[in-house]
Each structure stands twice: as structure tokens, then as C-alpha cells.
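Colleague: Need a 3D model of the sequence below.
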Amino acid sequence: MLFLVLGRGKTGRVIADVAHQHGHSVRVLGEEENRNAMALTAPFLASFDTVIDFTTPEAAVSNMRACLANGARMVVGTTGWYDHLDDMRSLAARRGAGFLYGANFSIGVQTLYRLARELAVAVPHYRFKIIETHHAEKKDAPSGTALSLRQVVQTANPSLDVPIESKREGDVAGVHILEARSEDEVIELKHEAHSRRAFAEGAVRAAEWIAGKTGVWDFSEIASQL
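Modeller: This is a model prediction of the structure:
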């Protein structure tokens, strides 16, 4: 397959490496080459099986509009743009595109969501809190993963209030802790990414999965199929 990776950041570079290891060809397009999605024309996009976006929230919105309007297959791992989600889902449906998005493409994080759901039901009277830490260059806070984690917990137990504490420091790939506390004990679920490869592996598998498909999916809906 031939993939187009949008974004020359740290995660984008790892995604390109992993895609090559999976036997795919890759074209990487930096934001400086694609201002306001100007490079994403219909003839250009037609040659790619899947477009993978790991850019910035602002760039991702322009990229999604261009790709989905042209019926492309697209995997979006950028976060911080979800106030546009309904519009993007609608655009993908109207244009017959394939659109797969997610706050976190790590299989381990998907497992964290499942365990968090069970914990919210098991100890409904505990006080819940999320602490997330990412590298200093990350634009959005709280992280998309933290927001998704809170949504999982509150969907399982709507009575829970779940504050999020965000930290931005160094080159941390990503740490998420769900804390459930009573007067007498603390339970913690923790996921720590040691590198960006876990995200990249999931994104490449997602790109393989969506190639040739039409529809809209959250990564959590299809992660078990990869």
C-alpha cells in the first residue's frame, strides 16, 4: 500500500518508519509544504490508499476537510479538534470517504479504557481523578486520551465527577493515571508510553484496516480487530 503521512513531527516520523517495516510505501508531507491543506488536491490524493494525520489541531481540521471532501481514506491521531467532529463525520458520509479517528492508537490504552469502565462500576462511591503528563510541546490540555478516559468513566457511572490534572514537561511520550480514592485506600490504573512506537503501530494497523472502506469509526470500535 501507499500511505501519505501528514506531519513531520516525532510521531509522524515513527509512523513512517513503522509503515516501511510493514512493507508499505510512504510519502511524508510537512506542514510547511501543506499550508491550509493546499497540497491535498483530488489528483494528488487519488494515488494514496490511506492518509494518516498527526499534525496540530488547526492543521488537522483543514486536512480533514480537504481529504474527506475528496472521498479519501483517512486516519486521524491528532487531538484537540473534536468540536468539529460532527461536521467531519457528516462530510465523510456525504462524500463516501473512510474516516477513522482516535484520541490514542495504543492497544494498551484501549485496555486501560476497559479496566476504567470496570473500576467505575466496582467502586462507585470513591473519588475519581485523572492525572496526565505529556511532552512540553503538546498543544492541547487536557489530552484527548484523558478526555476519552473521563468519558468512559462517566458513561459507566454518570454520578462521578472526574477532574483532570494536566502536566507538560520534557519529552514524555504520555502517562495517564486514573485514581480512585476513599478515606482508607487508593486504587490506581496507570498507562505509560515509553516511546511513540505504540501509537505508530496502532495507527499503521488502522491505516491498513480502513484502506478501501467507506464509513466513520472511532479507533476504540475497531481496535480489537487489528
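Colleague: use CA for all of it now, contacts and neighbours both
Modeller: Noted.
Colleague: how about low-confidence regions in the chain?
Modeller: Counting by pLDDT under 70, not a single residue of the chain qualifies.
Colleague: Determine how far the biggest helix by length in the chain lies from the middle of the whole chain.
Modeller: Identified as the longest helix of the chain according to DSSP state H is helix 107-122. Between the centre of helix 107-122 and the centre of its host chain there is 17 Å, according to Cα atoms, centre = their mean, to the nearest Å.
Colleague: what residues does the helix or strand just after it touch?
Modeller: Following helix 107-122 in sequence order, the next helix or strand is strand 127-134 (DSSP states H and E). For strand 127-134, the external contacting residues (Cα atoms under 8 Å, 6 or more residues apart in numbering) are 142-143, 146, 150, 160-182.
Colleague: likewise stretch 104-119?
Modeller: 77, 144-145, 149, 152-153, 156, 178, 189-191, 198-203, 219-220, 223.
Colleague: Per the annotation, how does the protein divide into domains?
Modeller: In the domain annotation for the chain, the residue ranges read 2-105+197-225, 107-192 (automatic domain parsing).
Colleague: Helices along the chain, start to end?
Modeller: Ranges of helices in the chain, per DSSP H, are 10-21, 42-45, 57-69, 85-95, 107-122, 144-156, 197-210, 219-222.
Colleague: The closest residue to residue 194 other than its chain neighbours and residue 220: what is the separation?
Modeller: In this structure, residue 194 finds its nearest non-sequential neighbour in residue 173, 6.4 Å apart by Cα to Cα, 6 or more residues apart in numbering. Between residue 173 and residue 220 the distance is 20 Å, computed by Cα to Cα, to the nearest Å.
Colleague: list the contacts for residue 141?
Modeller: Residue 141 sits next to residue 166 when contact means Cα under 8 Å, 6+ apart.
Colleague: And residue 96, by the same measure?
Modeller: Contacts of residue 96 by Cα under 8 Å, 6+ apart are 71, 214-215.
Colleague: Ok, residue 88 next?
Modeller: With contact set as Cα under 8 Å, 6+ apart, residue 88 has these partners: 64-65, 68.
Colleague: Now with 10 Å, please.
Modeller: Contact analysis of residue 88 by Cα atoms under 10 Å, 6 or more residues apart in numbering lists 61, 64-65, 68-69, 82, 94, 99, 216.
Colleague: Residue 167 too?
Modeller: Residues near residue 167 by Cα under 10 Å, 6+ apart: 131-136, 141-143, 175.
Colleague: picking up where we left off before, reformat the helices of the chain as CSV; add distance to residue 3.
Modeller: Shown next, in CSV, are those (distance: least, Cα to Cα, whole Å):
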stretch, distance to residue 3
helix 10-21, 8
helix 42-45, 10
helix 57-69, 13
helix 85-95, 19
helix 107-122, 21
helix 144-156, 24
helix 197-210, 8
helix 219-222, 18
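Colleague: since we're on residue 86, how many residues are nearby?
Modeller: Residue 86: 10 surrounding residues under other Cα atoms under 10 Å.
Colleague: Just the buried positions in the longest helix of the chain, please.
Modeller: 107, 109-110, 112-113, 116-117, 119-120 (16 or more other Cα atoms under 10 Å).
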